[in-house]
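J.: Give the three-dimensional model of this entry:
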Amino acid sequence: MDLVQLIRLALTASILLLVFALGLRATAEDATYVLRRPALILRGFLAMGVIVPAVAATLAALFHLARPVEIAMVAMAVSPVPPILPGKQLKLGGRSHYVFGLLVAAALLAVIYVPLAIEVLGWLFRREAHVGAGVVARVVGITVLLPLAAGLIVHRVAPMVAERIAPSAARLGNVLLLAGLLAVLVATGPAIVSLVGNGTVLVIAAVVVAGLAAGQWLGGPDPADRTALAIASSMRHPGVALTIARLNFPEEPLVPAAVLLFVLVNVIVTLPYGAWRRRVHGERAAAPR
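T.: Predicted structure coming up:
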């Protein structure tokens, strides 16, 4: 097994463990919370599936970005919620049933939405582009639905066991994720640097800010839900984005580096937003009832 395969295995294992750990803390009612509320589905779809892709496509058309950046930005904009995101949403005060429910709803809707969105964007950019529903289902199934379902089952059958092993699974997942991402960052560092310039970082940051604003605006009356949707709208599933790029743009080897650049910019841009929402959540918790 070479280093690339080892890194890929570590990242895959980390995602499976982190989502499994989330499932260990959730219930079936949590997982289906959003699916049972059409208004929440509509709000989430407008933020994640309409506003962010529209902003990304508009900016890609207006600015002369490097082709890998343009592909990565648009592909990320139409991808569903990343599987490791709920941990961050919960730390910022998100309600667990909304956070878990949003993850499940976004993963299921992605099977239908992503292929249609790619067709529409391909038509707009006058380039043939496709991704099958089966391909999307396989990615979200392996990285979201299956490990989450496994955790839910353990929580249902043996809640005490689930409570005991959840912290260990999450810690191991975080260690593997950090190690894998550092290795990828070292390996792709020069490629990422080559993509920076001509306003690339500012354009990506604008897409992230649009996601934060859309989620904050459409998250509903509960401040915790607004925070959760804002974070979900600003960051997407890199695995789905890379699959879209690999199927439609195999001649662009720098797309993975561009996807990682999007992730890095997202982390930086969302830091002040996260600090603000954490402060708001703390003030609400401390307020007299």
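J.: Could you check how far residue 81 is from residue 239?
T.: Remark: distance between residue 81 and residue 239 (CB to CB, to the nearest Å) = 12 Å. From N, CA and C alone the C-beta is placed, and that goes for glycine too.
J.: Comparing the two, which shows the higher neighbour count?
T.: Neighbours per residue (other CB atoms under 10 Å) separate residue 81 from residue 239, with residue 81 holding more: 29 against 21.
J.: excluding its backbone neighbours, what's nearest the more buried one?
T.: Nearest non-adjacent residue to residue 81, counting by CB to CB, 6 or more residues apart in numbering: residue 106, 4.2 Å away.
J.: cool, and residue 176?
T.: Nearest to residue 176 is residue 14, by CB to CB, 6+ apart, at 3.6 Å.
J.: what's the neighbour count on the one you found?
T.: For residue 14, using other CB under 10 Å, the count is 21.
J.: any idea how far it lies from residue 35?
T.: Distance of residue 14 to residue 35, computed by CB to CB: 27 Å.
J.: Okay, helices next: where are they in the stretch 151-289 of the chain?
T.: Assigned by DSSP state H, counting those that start in this stretch, the stretch 151-289 of the chain shows helices spanning 159-195, 200-218, 223-234, 238-248, 255-286.
J.: And for the stretch 1-150 of the chain?
T.: Using DSSP H, counting those that start in this stretch, the helices of the stretch 1-150 of the chain run over 3-24, 28-31, 38-45, 52-62, 67-77, 85-91, 96-124, 133-140, 146-157.
J.: Ok, which of the ones you listed comes nearest residue 187?
T.: For the helices of the stretch 1-150 of the chain, the distance to residue 187 is smallest for helix 3-24, at 7.7 Å, taking CB to CB.
J.: so where is the stretch 1-150 of the chain shaky, pLDDT-wise?
T.: Across the stretch 1-150 of the chain, the ranges flagged by pLDDT under 70 are 1-4.
J.: The stretch 151-289 of the chain too?
T.: Using pLDDT under 70, the stretch 151-289 of the chain drops low at 285, 287-289.
J.: and with 80 instead?
T.: Low-confidence segments of the stretch 151-289 of the chain (pLDDT under 80): 197-198, 281-289.
J.: so how far is stretch 52-60 from its chain's centroid?
T.: Offset of stretch 52-60 from its chain centre (CA atoms, centre = their mean, to the nearest Å): 17 Å.
J.: wait, residue 96 sits on residue 90?
T.: Yes. At 6.4 Å, residue 96 counts as touching residue 90 under the criterion of CB atoms under 8 Å.
J.: for the helices of the stretch 151-289 of the chain, which one sits closest to residue 46?
T.: Nearest to residue 46 among the helices of the stretch 151-289 of the chain is helix 200-218 (5.6 Å), distances taken as CB to CB.
J.: okay, the closest one in CSV with CA atoms only?
T.: Output in CSV follows, covering the C-alpha atoms of helix 200-218 (Å, rounded to 0.1, in the frame of the first residue of the first chain):
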residue,chain,number,x,y,z
THR,A,200,-9.4,33.6,-6.3
VAL,A,201,-9.5,33.7,-2.5
LEU,A,202,-11.9,36.7,-2.4
VAL,A,203,-14.3,35.0,-4.9
ILE,A,204,-14.3,31.8,-2.9
ALA,A,205,-14.8,33.8,0.3
ALA,A,206,-17.7,35.5,-1.3
VAL,A,207,-19.4,32.1,-2.0
VAL,A,208,-18.8,31.1,1.7
VAL,A,209,-20.2,34.4,3.0
ALA,A,210,-23.3,34.0,0.7
GLY,A,211,-23.9,30.6,2.3
LEU,A,212,-23.6,32.0,5.8
ALA,A,213,-26.0,34.9,4.9
ALA,A,214,-28.5,32.6,3.2
GLY,A,215,-28.6,30.2,6.1
GLN,A,216,-28.8,33.0,8.7
TRP,A,217,-31.7,34.5,6.7
LEU,A,218,-33.6,31.3,6.0
